[in-house]
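Enquirer: requesting a structural model of the entry that follows:
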Amino acid sequence: MESTFRFAVQLSAFLISNKLNDLSALLPRAKSTLQPMVAEFNPYTPEQAEEILAERDGRGKIGLEDLETAAKAAEIIL
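Expert: Down below sits the predicted model:
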């Protein structure tokens with residue numbers, strides 16, 4: 001007996017990169033199939049990074065000096 005049920009599957013893929021030209025490395029056929037959309041996010045300032053880290057350290061286990069150091073290091077990496 002042959003099945004008559006058919007179903008569609010929707011698949012999403014995300015490319016996360018700090019280099020916008022990575023998208024240009026995709027083959028034209030892949031771009032056509034994937035229909036890429038770019039969402040650009042600005043980097044955090046050291047102050048924003050420090051605030052985020054402090055919020056996530058809800059128990060106060062990370063000292064203020066360590067938070068400042070991590071926030072400054074994040075700016076260097078970007």
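Enquirer: going forward, measure contacts and count neighbours with C-alpha atoms only.
Expert: Fine.
Enquirer: how far away from the center of its chain is the helix or strand bottoming out on mean pLDDT in the chain?
Expert: Ranked by mean pLDDT, DSSP states H and E, the helix or strand of the chain with the weakest confidence is helix 64-77, at a mean of 76. Its chain's C-alpha centre lies 19 Å from the corresponding centre of helix 64-77 when counted by C-alpha atoms, centre = their mean, to the nearest Å.
Enquirer: ranges for the strands of the protein?
Expert: For the chain, applying DSSP state E gives no strands.
Enquirer: and the gap between the spatially most central residue of it and residue 49?
Expert: Closest to where the C-alpha atoms of the chain average out (C-alpha atoms, centre = their mean) is residue 16, at 4.8 Å. The gap separating residue 16 from residue 49 is 19 Å, by C-alpha to C-alpha, to the nearest Å.
Enquirer: what's the local residue count around residue 67?
Expert: 20 (other C-alpha atoms under 10 Å).
Enquirer: contacting residues for the closest residue in space to it that isn't next to it in sequence?
Expert: Closest residue in space to residue 67, ignoring its immediate chain neighbours: residue 50 at 5.7 Å, by C-alpha to C-alpha, 6 or more residues apart in numbering. Counting by C-alpha atoms under 8 Å, 6 or more residues apart in numbering, residue 50 touches 67-68, 70-71.
Enquirer: please redo it, this time with the cut-off set to 7 Å
Expert: 67-68, 71 (C-alpha atoms under 7 Å, 6 or more residues apart in numbering).
Enquirer: same check, this time on residue 64
Expert: Residue 64 neighbours (C-alpha under 7 Å, 6+ apart): none.
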